[in-house]
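Student: okay, here's the prediction I keep looking at, along with the sequence it came from:
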Amino acid sequence: MMKYICRHCGKTYPITSMRYICECGSLLHLSYPKTPPDFGSLGNDHSLWRYRSALPPFERETIEQITMGEGGTPIIRLEENLFGKADYLMPTLSFKDRGAVMLAALMAEAGVKRCAIDSSGNAATAVAAYAARGGITTEVFVPASTSAKKLTQIEAHGGRIHAIDGSRDETARATIDYVNASGIFYASHIFNPFFWEGTKTYIYELYEQFETLPEVLIVPVGNGTLLMGVYIALQELKAWNPIDSYPLVIAFQAANCAPLAQAYEKRSLVPQSVAVSPTLAEGIATGVPARGKDILQAVHELGGRFVTVTEEEIIKAHSDLAKKGVYVEHTSAANYAAYRVAVEKDATLADKKALIPLCGAGLKSAH
Ligand SMILES: [Zn+2]
C-alpha cells in the first residue's frame, strides 16, 4: 500500500492525508510497491508513463485526465563526449513537468481543490498547469524578483500569485505560514516526495536512450528536485540489475549560493550556513535547502562530488550553448559551466561520456 513514511521516527501516514511533515518535525518519504520496467519492450508510449509499473499506482483515468505527454525528451550532442537532455521541450518548457504531473495526479485522486506551492518559477508554472487539468486552483508564492514571463504563464493557468518581497528562502517561510493557517494542500516539490517519483524517470530515459547510462552525470542542486529523483532511480536500477555501479554524479551549485557544495568541501553532511549573493541561476538559488541533509547523504551514498560555478562561467556557457543552437535558461546553462569546471579539475573526465540536463527554455528567462 502507498504511504508516507518518516525515516526518523518510523510513523506512517496515508497519502490522502494533508500532511507535508511528520508529527516529529522530520520530512517525509514515500513507500509503495513497484516492479522494474521491462526496459527494451515498453511499447510506443513515449511519455514517462511508459514506466508506469515503477511509478505511483494512479488510476488510468486519473493519468489520462492529467497527462500532457510529458517525458521522452531527446538527447543533443554538444561536444564529442558531452550530451544534453532536452527537458526544456516539456509541455510547460521545463523538467519540472516530470514531478508536477505526479503531484497533480495525487491531488486529483485525493480530492484536493486548492493547493499552494512556492518556487523560483518553473515548478510553480508546472504545478499550476497540471493542477488546472485536474480542476485544482494553485496559490503560487514566488520571490517578487521572479521573471515576469514566468508569472504571466502561471496566471494564464489560473494560478494566483503571491509575490513575496524577499529571498527564495523567505518565500518558502511565507508559504508554510499560509499553508498552516489555511489548511490547504501543500503541493511542494521540496516537501512532497511524489515529485521525485516523476523526476526519477529522467534516469530511466537516459538508460534507454544510451542503452546504459553515461559515465558522468552533471546535476544542478538547489532544493534537490532532480538530484533526489536521480538518486532514487540509480538505486532502483542497481537493485534491479540493469547497472552494477553508479555513474559519477557531479552535483553543482552557483558559487554565490552554495550551502551544500561548502558542506561537501568540509566533509560535512549538514548544509552550511552561508552568505548568499544573487545568481543568474535562479532555479538553484536556495540558501537554506529544506532537504539539505537528504541531498548531501544522497551524493555521499552515490560516491558523487560537488563543484561550484561563477556568474562569469554561467554567462559564457549560456552564450556558447546558444551558438550550438540550444537556447536555455541561465540555470540550465550553468550545467555546461559545471561540466567545464569539473573537467578542468579532473582532466580524466574529458574522455568520458557525460550528460548535462537542459532543464528550462531560454524564453522563460528575464535576462
Ligand atoms: Zn517522524
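Tutor: Sure thing, it's come through. Numbers count the residues shown, from 1 in each chain.
Student: next structured bit after the one helix or strand Val307 maps to?
Tutor: In the assignment (DSSP states H and E), Val307 maps to strand 305-309. For strand 305-309, the following helix or strand on the C-terminal side (DSSP H and E) is helix 311-323.
Student: so where's the stretch 251-367 of the chain uncertain?
Tutor: Counting by pLDDT under 70, the ranges of the stretch 251-367 of the chain that qualify are 366-367.
Student: for it, just list every one of the strands.
Tutor: In the stretch 251-367 of the chain, the strands defined using DSSP state E, counting those that start in this stretch lie at 305-309, 354-357.
Student: and what of the stretch 101-250 of the chain?
Tutor: For the stretch 101-250 of the chain, the strands defined by DSSP E, counting those that start in this stretch cover 114-118, 137-143, 160-164, 185-186, 216-220, 248-254.
Student: with just CA atoms, put the last one into PDB.
Tutor: Taking only C-alpha atoms (Å, rounded to 0.1, in the frame of the first residue of the first chain), the coordinates of strand 248-254 have been written out as PDB:
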ATOM      1  CA  LEU A 248      29.900   9.600 -11.500                       C
ATOM      2  CA  VAL A 249      27.400  12.100 -10.200                       C
ATOM      3  CA  ILE A 250      28.700  15.700 -10.200                       C
ATOM      4  CA  ALA A 251      26.300  17.900  -8.300                       C
ATOM      5  CA  PHE A 252      26.900  21.600  -8.600                       C
ATOM      6  CA  GLN A 253      25.700  24.900  -7.100                       C
ATOM      7  CA  ALA A 254      26.300  28.600  -8.000                       C
END
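Student: centre of the chain to that strand, how far?
Tutor: Offset of strand 248-254 from its chain centre (Cα atoms, centre = their mean, to the nearest Å): 14 Å.
Student: partner strands of that strand, parallel or antiparallel?
Tutor: Strand pairing for strand 248-254, using DSSP bridges, gives strand 216-220 (parallel), strand 305-309 (parallel).
Student: what's the last one in contact with?
Tutor: Defining contact as Cβ atoms under 8 Å, 6 or more residues apart in numbering, one finds that strand 305-309 is touched by 221, 248-255, 258, 260-261, 264-265, 281, 299, 317, 334, 337-338, 341-342, 345. (Glycine included, C-beta is placed from N, CA and C.)
Student: quick one: buried ones out of those residues?
Tutor: 221, 248-255, 258, 260-261, 264, 281, 299, 317, 334, 337-338, 341-342 (16 or more other Cβ atoms under 10 Å).
Student: export the strands of the stretch 101-250 of the chain to a markdown table and tack on distance to Ala54?
Tutor: Listed next are the strands of the stretch 101-250 of the chain as a markdown table, based on distance: least, Cβ to Cβ, whole Å:
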| stretch | distance to Ala54 |
| --- | --- |
| strand 114-118 | 25 |
| strand 137-143 | 27 |
| strand 160-164 | 34 |
| strand 185-186 | 25 |
| strand 216-220 | 19 |
| strand 248-254 | 20 |
